[in-house]
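Q: heads up, no residue letters with this:
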């Protein structure tokens, strides 16, 4: 489940992953800086080759252009906020503009 909000300079997305969520392991990058705030559960995040085990209460910073992605979540699933600056309107439902995410 995803819910997004976007202003002129910053945007945020709430993400909730079920325990059985399958990830393809593909990493992506974008020009935006990103902060992830883990709200519940735990997940494994890769940022520029470094694997991070994140749990509720953790903050993860993703620099601009860093290759990153969530690659696994724990047995209870996980929920987190992703906060972007500058804003990412491409996260809003119905967005039809140019995507900002890049895949290698």
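A: All right, it came through fine. Computed from a predicted model, the values in this text were never measured in an experiment.
Q: Now tell me which helix or strand of this structure has the poorest mean pLDDT.
A: Ranking every helix and strand in the chain by mean pLDDT, DSSP states H and E puts strand 102-103 at the bottom, with a mean of 90.
Q: which residue is nearest the centroid of the chain?
A: Nearest to the geometric centre of the chain sits residue 82, at 5.1 Å (Cα atoms, centre = their mean).
Q: hang on, isn't it packed against residue 30?
A: No: the criterion here is Cβ atoms under 8 Å, and residue 82 misses it with residue 30 at 11.1 Å. C-beta coordinates here come from the backbone N, C-alpha and C atoms, glycine included.
Q: Tell me where the longest strand sits in the chain.
A: Counting by DSSP state E, the longest strand found in the chain is strand 68-85.
Q: Mind giving me the packing neighbours of it?
A: strand 11-17, strand 28-29, strand 33-47 (3 or more Cβ pairs under 8 Å, 6 or more residues apart in numbering; DSSP states H and E).
Q: hang on, the earlier thing: now tell me what touches the least confident helix or strand of the chain from outside.
A: Strand 102-103 has contacts (Cβ atoms under 8 Å, 6 or more residues apart in numbering) with 26, 27, 28, 29, 30.
Q: Show me what it pairs with in its sheet, parallel or antiparallel.
A: Sheet partners assigned to strand 102-103 using DSSP bridges are listed as strand 28-29 (antiparallel).
Q: quick one: low-confidence parts of the protein?
A: Along the chain, no part satisfies pLDDT under 70.
Q: sorry, back to before: ok, and the closest non-adjacent residue to the residue nearest to the centre of the chain?
A: For residue 82, ignoring the flanking residues on the chain, the nearest one in space by Cβ to Cβ, 6 or more residues apart in numbering is residue 13 at 4.6 Å.
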